[in-house]
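Engineer: model the following, please.
(one chain, ligands or ions: 1)
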Amino acid sequence: MVLLLTVALGLVAAVSGAAELRLSEGGQTAYVIVTGSNPTPAEQTAAKELAEYLKKVTGAEFKVVAESATEPKPAKAIYLGWTAFAAEKGIDGAKLGADEWLIQPVGDNLILAGGRNAGTVFAVFEFLEQYVGVHQLCPFTPVIPQRSDLTVRVEAQRGRHAFRKHLLSYDLAAGPGLHPDRHRTEASRRRTLRYFAFNKNEAHPSHLWTDQRFETHVEEYGIVPKWGSGGWVHTMVLYVSPGEYGKTHPEYFALHRKADGTLYRDVEGLGWGSMGIDHCLTHPDLRQVVVRKLRGHIEADRREAQARGRPAPFIYTVDAGDGLPPQGCLCPNCRAVVGPEGAESDLWVDFVNAIAGAVKADYPDVLIRTLAYNHTLAPPKRARPRDNVLIWWCYPYGSRDWFHPITHENNRTFREQFEGWAALTRNIQIYDYWSRYRSGRNPPGFPSPLVEHPGHPARAALLPGPGNLRLLCQRQ
Ligand SMILES: [Zn+2]
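Structural biologist: Next comes the predicted model:
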């Protein structure tokens with residue numbers, strides 16, 4: 001999604017104008033691609049990708065040269081990244097946002113530039129998509145027109161993501177048996193990296209967990225994950241584990257009821273393993289443990305980001321396990337927070353508000369993310385998320401009706417619960433399943449309709465309201 005900025009806010013020269021550029025005639029080009037004198041690895045990748053795609057489209061060889069090696073200046077050039085040519089035209093890449101991109105024709109020349117790290121990569125892919133007609137619909141479905149004569153009319157523009165976070169999942173591991181990427185070859189890895197980058201997305205963390213080779217996504221394309229350490233999802237069991245606290249502090253764990261009615265501190269997660277672990281979220285010492293560990297993660301991430309010259313992550317997850325019992329901790333304090341109305345999300349929001357409140361003064365840019373999922377899907381009745389809490393809306397798997405619009409009666413619960421949260425907070429991230437799960441009325445293996453369903457929560461998240469921060473996360 002492109003957000004065009006028509007006002008330059010005094011940061012860089014306002015982009016303007018349009019030009020017709022004859023990039024190729026009969027499979028020959030008069031253009032060269034010119035990089036700055038000190039391009040980052042991501043900007044070098046951008047140059048390589050641009051030359052490669054343009055060759056696939058036109059058949060022409062677009063040479064990549066360093067600006068320092070171009071005297072006199074070429075008659076026609078695509079200036080890529082932070083070049084002296086762009087600076088002469090008043091474009092200072094350092095003043096663009098990290099993922100912001102810029103497209104500016106200048107006479108017969110073209111500037112494709114962006115902030116560091118990924119802005120120039122995004123400028124190239126935006127240009128290819130908008131003006132050349134190249135698309136990457138999935139790793140295996142590039143759309144590459146064949147045009148030995150290629151003339152494009154380019155309009156000046158500055159763009160950036162409408163949302164702070166974008167994420168596509170392309171799950172190599174969970175594909176069906178005939179999935180072309182099942183062998184995880186080097187070629188398939190490259191295709192997948194390009195697909196993520198082309199669509200201006202982070203790689204899905206499941207790839208980072210199971211396939212550390214995706215770390216090169218950060219180096220080659222400059223796309224830095226926005227979530228911090230301490231776990232990506234279902235993290236409370238990592239913060240307060242039975243192994244570390246089960247014997248010494250059983251009071252940190254949820255009070256559950258046995259079949260015979262007796263209450264006990266459940267350090268075994270109902271015997272389901274780590275995902276079934278729940279906690280006594282009102283316990284003040286437990287809250288202190290989480291805050292201490294969270295601070296440790298933030299500090300460690302900032303040190304690493306500084307050492308590597310990357311932006312630091314700003315999303316930290318403190319959330320429940322998976323498949324928890326419908327009722328959380330049964331101790332009187334926790335039940336009092338839930339109140340007679342009985343929304344478990346009240347307890348979670350109360351807890352996460354306390355954690356977020358404890359770190360806000362020191363880390364005002366950090367968001368504490370918590371799931372609205374399973375037993376916390378229904379919005380709270382009384383608690384209201386703080387402004388540095390990010391609600392991670394995740395309607396479980398395929399449990400809505402994919403074959404009817406979101407406005408259909410079958411999807412009433414989905415719609416009402418989402419809108420309930422959206423009325424409480426500006427910070428909602430959507431984790432959506434556009435997938436093949438068998439569930440409810442949805443048959444397995446059937447491609448889910450993609451248009452209407454993600455469209456509704458996306459539109460809801462964009463509704464005008466106080467403030468302007470909205471986040472969207474989609475899963476394919
Ligand atoms: Zn409790």
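Engineer: up against the ion, what does the protein have?
Structural biologist: Residues of the chain lying close to the ion by C-beta under 5 Å from the ion are 280, 329, 331, 334. Backbone N, C-alpha and C define where each C-beta goes, glycine included.
Engineer: quick one: Ile336 from Leu330, how far?
Structural biologist: Careful, residue 336 is Ala and not Ile. Distance, Ala336 to Leu330, using C-beta to C-beta, to the nearest Å: 11 Å.
Engineer: returning to that earlier point: could you dump the residues of the chain next to the ion into CSV and include neighbour count and distance to Gly230?
Structural biologist: What follows is the residues of the chain next to the ion, written out as CSV (neighbours: other C-beta atoms under 10 Å; distance: C-beta to C-beta, whole Å):
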residue, neighbour count, distance to Gly230
Cys280, 24, 20
Cys329, 24, 22
Cys331, 17, 25
Cys334, 24, 23
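Engineer: out of those, which are inside helices?
Structural biologist: In this view, those that belong to helices under DSSP state H are Cys334.
Engineer: got the buried residues for the longest helix belonging to the chain?
Structural biologist: The residue-count maximum for a helix in the chain (DSSP H) belongs to helix 284-308. For helix 284-308, a neighbour-count test (16 or more other C-beta atoms under 10 Å) marks 286-287, 289-291, 293-294, 297-298, 301 as buried.
Engineer: same question, stretch 93-112
Structural biologist: For stretch 93-112, using 16+ other C-beta under 10 Å, the buried residues are 93, 96-106, 109-112.
Engineer: equivalent analysis for stretch 306-322, please.
Structural biologist: Quick answer for stretch 306-322 (16+ other C-beta under 10 Å): 310-322.
Engineer: what does stretch 238-251 give?
Structural biologist: Residues 238-240, 242, 245-246, 249 are the ones in stretch 238-251 that count as buried (16+ other C-beta under 10 Å).
Engineer: quick check: the farthest pair among those residues?
Structural biologist: Pairwise distances across the buried residues of stretch 238-251 (C-beta to C-beta) peak at 15.8 Å, for the pair Leu238 and His249.
Engineer: quick check: Tyr252 touching Pro284?
Structural biologist: No. Here Tyr252 lies out of contact with Pro284, judged by C-beta atoms under 8 Å, at a distance of 10.6 Å.
Engineer: circling back to that earlier point, of the buried residues of helix 284-308, closest to the ion?
Structural biologist: The shortest approach to the ion among the buried residues of helix 284-308 belongs to Leu286, at 8.9 Å (C-beta to the ion).
Engineer: check contacts around the closest one.
Structural biologist: Going by C-beta atoms under 8 Å, 6 or more residues apart in numbering, Leu286 touches 240, 249, 252, 279-280.
Engineer: if you set the cut-off to 6 Å instead, what comes out?
Structural biologist: Tyr252 (C-beta atoms under 6 Å, 6 or more residues apart in numbering).
Engineer: now do the SS call for the residue nearest to Val121 when sequence neighbours are not counted.
Structural biologist: Sequence neighbours aside, Ala46 is the residue nearest to Val121 in space, at 4.6 Å (criterion: C-beta to C-beta, 6 or more residues apart in numbering). Secondary structure state of Ala46, per DSSP: H, G, I helix; E, B strand; the rest coil, is helix.
Engineer: thought Ala46 was touching Ala123?
Structural biologist: No. Look at Ala46 against Ala123 with C-beta atoms under 6 Å: they stay out of range, at 7.4 Å.
Engineer: Val233 belongs to a strand, doesn't it?
Structural biologist: No. Looking at Val233 with three-state DSSP, it is coil, so not inside a strand.
Engineer: quick one on the thing from earlier: in strands, which of the buried residues of stretch 238-251 appear?
Structural biologist: Among those, no member falls in strands (DSSP state E).
Engineer: in TSV: those residues, plus pLDDT and distance to Ala305.
Structural biologist: Compiled in TSV, these are given as follows (pLDDT from 0 to 100; distance: C-beta to C-beta, whole Å):
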residue	pLDDT	distance to Ala305
Leu238	94	21
Tyr239	97	21
Val240	96	26
Pro242	93	32
Tyr245	97	30
Gly246	95	34
His249	97	33
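Engineer: restricted to helices, list these.
Structural biologist: Per DSSP H, the subset of those in helices is 238-239, 242, 245.
Engineer: Gln146: neighbour count?
Structural biologist: Neighbours of Gln146 under the rule other C-beta atoms under 10 Å: 9.
Engineer: Val349 is in contact with Arg382, isn't it?
Structural biologist: No. Assessed by C-beta under 6 Å, Val349 is found out of contact with Arg382, at 8.9 Å.
Engineer: the two: who's more crowded?
Structural biologist: Set side by side, Val349 and Arg382 show more neighbours around Val349, with 27 against 12, by other C-beta under 10 Å.
Engineer: quick one: the more buried one and Asn374, what's the gap?
Structural biologist: For Val349 relative to Asn374 (C-beta to C-beta), the value is 15 Å.
Engineer: tell me the phi and psi of the nearest residue in space to Leu377 that is not next to it in sequence?
Structural biologist: Spatially, and ignoring its direct neighbours in sequence, Leu377 is nearest to Gln417 (5.4 Å; C-beta to C-beta, 6+ apart). Note on Gln417: its backbone torsions stand at phi -70, psi -40 [degrees, to the nearest 10].
Engineer: burial check on Gln417, number of neighbours?
Structural biologist: Counted with other C-beta under 10 Å, Gln417 comes out at 17.
Engineer: for Gly342, same thing?
Structural biologist: Neighbours around Gly342, by other C-beta under 10 Å: 11.
Engineer: ok, now Ala162?
Structural biologist: 15.
Engineer: one more: His408?
Structural biologist: Counted with other C-beta under 10 Å, His408 comes out at 14.
Engineer: that one and Arg292, how far apart?
Structural biologist: For His408 relative to Arg292 (C-beta to C-beta), the value is 47 Å.
Engineer: now Asn38
Structural biologist: Asn38 is 41 Å from Arg292, by C-beta to C-beta.
Engineer: cool, and Arg412?
Structural biologist: 43 Å.
Engineer: and what of Phe198?
Structural biologist: Counting by C-beta to C-beta, the gap from Phe198 to Arg292 is 41 Å.
Engineer: same question, Val134
Structural biologist: Counting by C-beta to C-beta, the separation of Val134 from Arg292 is 49 Å.
Engineer: among the residues of the chain next to the ion, which are located in strands?
Structural biologist: Using DSSP E, none of these sit in strands.
Engineer: which single one of the residues of the chain next to the ion is nearest to Asn427?
Structural biologist: Nearest member of those to Asn427, counting by C-beta to C-beta, is Cys334, at 24.4 Å.
Engineer: and His283, what does it touch?
Structural biologist: Tyr252.
Engineer: please redo it, this time with the cut-off set to 10 Å
Structural biologist: With contact taken as C-beta atoms under 10 Å, 6 or more residues apart in numbering, His283 is in contact with 240, 249, 251-253, 289, 329, 331, 333-334, 351.
Engineer: again, but for Gly59
Structural biologist: Per C-beta under 10 Å, 6+ apart, neighbours of Gly59: 24, 26-29, 146-148, 150.
Engineer: swap in 6 Å and give it another go.
Structural biologist: 27, 148.
Engineer: may I have the phi/psi pair for it?
Structural biologist: Dihedral angles (degrees, to the nearest 10) for Gly59: phi 90, psi -10.
Engineer: cool, and Phe351?
Structural biologist: Residue torsions, per degrees, to the nearest 10, at Phe351 are phi -60, psi -50.
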